[in-house]
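[1] Sequence and predicted structure, then a few things I'm wondering about:
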Amino acid sequence: MIGMGEGKINRHHEWTIRRLIGAHSGVFMVYIIVVVTFIVGGLIDREVFLFANVITILHHMTGLGLISVGQTFCILAGTFDLSVGSVISLTSLTFAGTIMGRSEMILIAFAFTFAVGVCVGLINGVLIAKARINPFITTLATMLIAQGVAFLYHSGPYGKITPEVKWIGYGTIGFLPVPILIFITVFIICLVVLTKTRFGLHVYALGGGVEPARLSGVKINLIRVSTHVICSVLASGAGVYFAARMGTGDPYCGVGYQLESIAAVCIAGTSLYGGRGSLWGTLGGVLLLAMISNTFNHLNLPTMSQLILRGIIIIVAVAVYTVRSKDFGK
Amino acid sequence: MGEEILSMKGVNKSFPGVQALKEVDFSCRQGEVHALVGHNGAGKSTLIKVLGGVYTADSGEIYLHGKLFKPDSPLDGTLAGISIIYQEFNLVPDLSVAKNMFLAREPRTKLGFLDQRSMIRKSRQLLERLSVENVTPVDYIRDLSVNQMQLVEIAKALSVKADIIVMDEPTAALPISDVQKLFDTIHKLKAEGVTIIYISHRMEDIFEVADRVTLMKDGRMIATLEVEGLDHNTLIEKMTGRSITDFFPPRKSYEENKKTVFEVNGLKSTAMKAAVSFKIRENEIFGITGLEGCGSTELARALFGVDRIESGEVQFKKEGIKISTPREGLFQGFGYLTKDRRKEGLLLGASLRENIAIPSRVKKHRGYFLDLKKELAQVERIAGEMNIRAGSLNIESKDLSGGNQQKVILSKWLLTECKILIVDEPTRGIDVDSKVEIYQLMRNLVESGVVVIVLSSDMEEILGLCDRILVLHRGEPKAVLNWEKATEHIILLAATGSELDQDGEPTSKMNGSNGERI
């Protein structure tokens, strides 16, 4: 009996270590790469280490961070959303365009902007869940449509924000910029939702296996639609943030974010097929991408080498944990 | 025996083109193990899916505890105390045991958050109640063995206080060493008053655990019989209209001096735990068996070139063959029916015709354009010979029954004119008729000079079909037995690691052999 007891303890112990390193090796790896990038950047250019620069990096994170957190919901549930970039462009325009420098319009602008997000999310979710159209096709189509509507709304920068709104993009509370605080709040709420609630568990369950989830009684259509609504709403939030930063809406401002957000989610090992991964990984991925652009800017690298290096770093990060993880070669 | 707990009356269910259930009456008593048998397509799965709320019946009534029960969703079934354990399991691999057990019924704290502690505590209690070893509530499902997953499923069923647990082919995926553990669990549940509906193709299972057995055929219920007093033969005859002696094709008596046609010397791949050598003589079906983890699948993969070879050599008709990729395996005349036909054997979304034709295209086709007409003729011929029962060759292979899927895979290898055919669990989870046909095919193949290697954990199959049997234990060959000497007892001894002498007798002293040939 004593022997058995020991076995149990050992096994449990083993599990803890495996859980920390094995199951989350991608997350660890990303944070290690973040630190390495930071130190290497700092050694080459001391300015990287400056407090002001750290704040700049965090600033960089906000836009991509909001989108990627939303994207994480979709990816964990087994789909993804290509329309986020267009939603950002569109909502930056609707937000700034509705305000047009009038303070009394702010609340209406918020309501309108988030309504746009909810609509796009509902359309994506219902098409995927009910009409069973492949997520790639669905969100590719809504990406085109939303981008088209944005151009229809205005073909160039449009709208004007007010000083109150500017505070969202530039204000500080203490020494911390407001956008970062907003991002941290959103992150914590989403983290709690994903790890501590029934809804979060069902998101993981759906991504891990549609059939088992359905047969266990998980309302899979509801989860599908909800994840897409969350994703689009957070993208609208990013649209508001960009409008607040630029002082105006811009039909081009979201271009490219759809793929960057997917990269940020998956870089730390969150499975593109769903069911596996965490928001911590997404945070690491966002941090890494923000860090890379910041460091590259300090190093004055031309855009083309930045792109190439980014690509290489993404591959290296993903390859390192894939080779390390035990599933490799299975 | 207890009172009637469930009764289904006049249940009809049709799908486009098929009437899956025709006026089915089915009832269960509390605390009994009720076996449900019949061919694939007989309607067993449909019946339990209607019971569990996955499908809605077109007509007919279900009474549970004497009250009308109309499930609309799987959750209704679960909440009414009916748990179904599907063959392909109903667990999310990336979630922990505890989370799987309470999925969609999670306990919550006052604030509405998941009550993880209570989930873990309750699932630990359930695992303990079933005496599950080496599984903790925080383990991920993906890290568990098949047996452990099954126990988790049973624990999950108990977590909703299920009165009725339906088990669909529970022993099909289990290694023999774990089957007894499952039976122990079933007896335990029965003693606690749980009713079990037990679906199986395996006769031994029914005699081991069932109190009553219901036979189904073509969507109809044929008969319900008490198992006590029933014998093996009667049941099989009732089921198939065949007697057990017709099950396996007849064998010739063992001859000492036959020519060796296929030889493996010290073969070891990166996945194998030990080097293996054996010889196969002409016109014999060579069986390889052992308990789970015995390494037979790894051996087959090494032969076919799936895993990397570290050492050893393979000879066919005195000529050395070297294979390092499956493509080379194909070209050297190997055919390989894998254990998991859905994952490794078939292109599920492709038509039956494509599935059959592809390896031959790879092997034989030269030039730029395919002669589809000629190919179709060949596919039709082989599908006819193999008696594949499908409406058309254009049906997607995922829509076929297990037996027909297996025949499709065999057809594709036969069409390549393979010289060495390796089959891993060839009849797992398929209906009796297809089984008999596949056994006969194996016999015909060896008669025509093809080397057939059968990997199986089904003792009846190994003893009834194979001429010589290699027994592996943790990757090491323990014995090679000829069929006249092999018994279940001896095989199990070897499979659990006992050393046997040349006659297949254990080297350690033992009092006679209790094993009987089935």
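    That came in fine, so what should we check first?
[2] OK, now which residue of chain B is nearest to chain A?
    Chain B approaches chain A most closely through B:Leu75 (3.1 Å), counting by CB to the nearest CB. Every residue, glycine included, has its C-beta placed from N, CA and C.
[3] What values do phi and psi take at that residue?
    phi -70, psi -40 (degrees, to the nearest 10).
[4] That one against B:Ile82, yeah?
    No: at 10.9 Å, B:Leu75 and B:Ile82 do not qualify as touching, with contact defined as CB atoms under 8 Å.
[5] Which neighbouring elements make contact with the helix or strand harbouring B:Glu263?
    In this assignment (DSSP states H and E), B:Glu263 forms part of strand B:260-269. Using 3 or more CB pairs under 8 Å, 6 or more residues apart in numbering or on different chains; DSSP states H and E, the elements in contact with strand B:260-269 are strand B:276-281, helix B:296-304, strand B:309-316.
[6] any weak-confidence spans in chain B?
    B:1, B:16-17, B:39-41, B:240-245, B:500-518 (pLDDT under 70).
[7] for A:Phe187, what are its contacts?
    A:Phe187 is in contact with A:Gly65, A:Val69, A:Leu279, A:Leu283, counting by CB atoms under 8 Å, 6 or more residues apart in numbering or on different chains.
[8] now those as JSON lines including distance to A:Thr270 and neighbour count?
    Converted to JSON lines, the contacts of A:Phe187 look like this (distance: CB to CB, whole Å; neighbours: other CB atoms under 10 Å in any protein chain shown):
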{"residue": "A:Gly65", "distance to A:Thr270": "15", "neighbour count": "30"}
{"residue": "A:Val69", "distance to A:Thr270": "12", "neighbour count": "28"}
{"residue": "A:Leu279", "distance to A:Thr270": "9", "neighbour count": "25"}
{"residue": "A:Leu283", "distance to A:Thr270": "11", "neighbour count": "25"}
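[9] which parts of the stretch 51-200 of chain A sit against chain B?
    A:Val192, A:Lys196, A:Thr197, A:Arg198, A:Gly200 (CB under 8 Å from any CB of the partner chain).
[10] Now stretch A:298-315: buried residues?
    A:His298, A:Gln306, A:Arg310, A:Ile313, A:Ile314 (16 or more other CB atoms under 10 Å in any protein chain shown).
[11] Pretty sure the third one sits against A:Ala290.
    So the one you mean is A:Arg310. No: A:Arg310 lies out of contact with A:Ala290 (CB under 8 Å); the separation is 11.5 Å.
[12] Please list all residues in contact with the nearest residue to B:Ser73 once chain neighbours are set aside.
    Counting by CB to CB, 6 or more residues apart in numbering or on different chains, B:Ser73 lies nearest to B:Gly53, which is 5.4 Å off, once chain neighbours are set aside. Residues near B:Gly53 by CB under 8 Å, 6+ apart: B:Pro71, B:Asp72, B:Ser73, B:Pro74, B:Leu75, B:Asp76, B:Gly77, B:Thr78, B:Ile82.
[13] give me that answer again for 7 Å
    B:Pro71, B:Asp72, B:Ser73, B:Pro74, B:Asp76, B:Gly77 (CB atoms under 7 Å, 6 or more residues apart in numbering or on different chains).
[14] Quick check: it vs A:Arg132, distance?
    22 Å (CB to CB, to the nearest Å).
[15] and if you look at A:Leu90?
    26 Å.
[16] Which of these two has more residues huddled nearby?
    Comparing A:Leu90 with A:Arg132 by other CB atoms under 10 Å in any protein chain shown, the one with more neighbours is A:Leu90, at 31 against 8.
[17] Show me where the stretch 51-200 of chain A has its strands.
    A:172-173, A:176-177 (DSSP state E, counting those that start in this stretch).
[18] Okay, the residue most central in space within chain B and B:Val451: tell me how far apart.
    With distances taken as CA atoms, centre = their mean, the residue of chain B nearest its centroid is B:Arg428 (2.9 Å). Distance, B:Arg428 to B:Val451, using CB to CB: 22 Å.
[19] Kindly report the same for B:Leu225.
    42 Å.
[20] Same check on B:His65?
    B:His65 is 57 Å from B:Val451, by CB to CB.
[21] Who has more neighbours out of the two?
    Neighbour count, other CB under 10 Å: between B:His65 and B:Val451, B:Val451 has more, with 24 against 13.
[22] show me the residues around that one that make contact.
    B:Val261, B:Phe262, B:Ile280, B:Lys419, B:Ile420.
[23] Specify the beta-bridge partners of it.
    B:Ile420 (DSSP bridges).
[24] The nearest residue to A:Ala129 once chain neighbours are set aside: neighbour count?
    Distances taken as CB to CB, 6+ apart place A:Arg224 nearest to A:Ala129, at 3.8 Å, with adjacent residues excluded. Here the number of neighbours of A:Arg224 (other CB under 10 Å) works out to 25.
[25] Let me know whether A:Arg224 touches A:Lys130 as I believe.
    No: contact criterion CB atoms under 7 Å: A:Arg224 and A:Lys130 do not qualify, at 8.7 Å.
[26] In which helix or strand does B:Met221 reside?
    Short version, using DSSP H and E: B:Met221 is in strand B:220-226.
[27] Name the next helix or strand following that strand along the chain.
    Next element after strand B:220-226 (DSSP H and E): helix B:232-240.
[28] Which strand or helix spans B:Asp25?
    Assigned by DSSP H and E, B:Asp25 falls in strand B:18-29.
[29] CA atoms only: put whatever helix or strand comes next after that strand into PDB for me.
    Per DSSP H and E, the first helix or strand lying C-terminal to strand B:18-29 is strand B:33-37. Extracted in PDB, the C-alpha atoms of strand B:33-37 (Å, rounded to 0.1, in the frame of the first residue of the first chain):
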ATOM      1  CA  VAL B  33     -26.900  -6.800 -18.600                       C
ATOM      2  CA  HIS B  34     -28.800  -6.900 -21.800                       C
ATOM      3  CA  ALA B  35     -26.800  -7.700 -24.900                       C
ATOM      4  CA  LEU B  36     -27.800  -6.300 -28.300                       C
ATOM      5  CA  VAL B  37     -26.400  -8.200 -31.200                       C
END
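[30] Residues contacting the very next helix or strand once past strand B:33-37, please?
    Counting by DSSP H and E, the element after strand B:33-37 in chain order, helix or strand, is helix B:44-52. With contacts defined as CB under 7 Å, 6+ apart, helix B:44-52 is touched by B:8, B:11, B:13, B:20-21, B:24, B:26, B:36, B:38, B:55, B:57, B:62, B:71, B:74, B:77, B:82, B:84, B:166, B:168, B:197, B:199, B:216.
[31] Run the chain-centre distance for helix B:44-52.
    20 Å (CA atoms, centre = their mean, to the nearest Å).
[32] ditto for stretch A:125-140
    20 Å.
[33] Stretch B:25-40 now?
    Its chain's average C-alpha position is 20 Å from that of stretch B:25-40, according to CA atoms, centre = their mean.
[34] Mark which of the contacts of B:Gly53 are buried, thanks.
    Applying 16+ other CB under 10 Å to those flags B:Pro71, B:Ser73, B:Pro74, B:Gly77 as buried.
[35] can you put the residues you listed in a markdown table and add secondary structure and distance to B:Leu330?
    Conversion of these to a markdown table gives the following (DSSP: H, G, I helix; E, B strand; the rest coil; distance: CB to CB, whole Å):
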| residue | secondary structure | distance to B:Leu330 |
| --- | --- | --- |
| B:Pro71 | coil | 48 |
| B:Ser73 | coil | 46 |
| B:Pro74 | helix | 42 |
| B:Gly77 | helix | 46 |
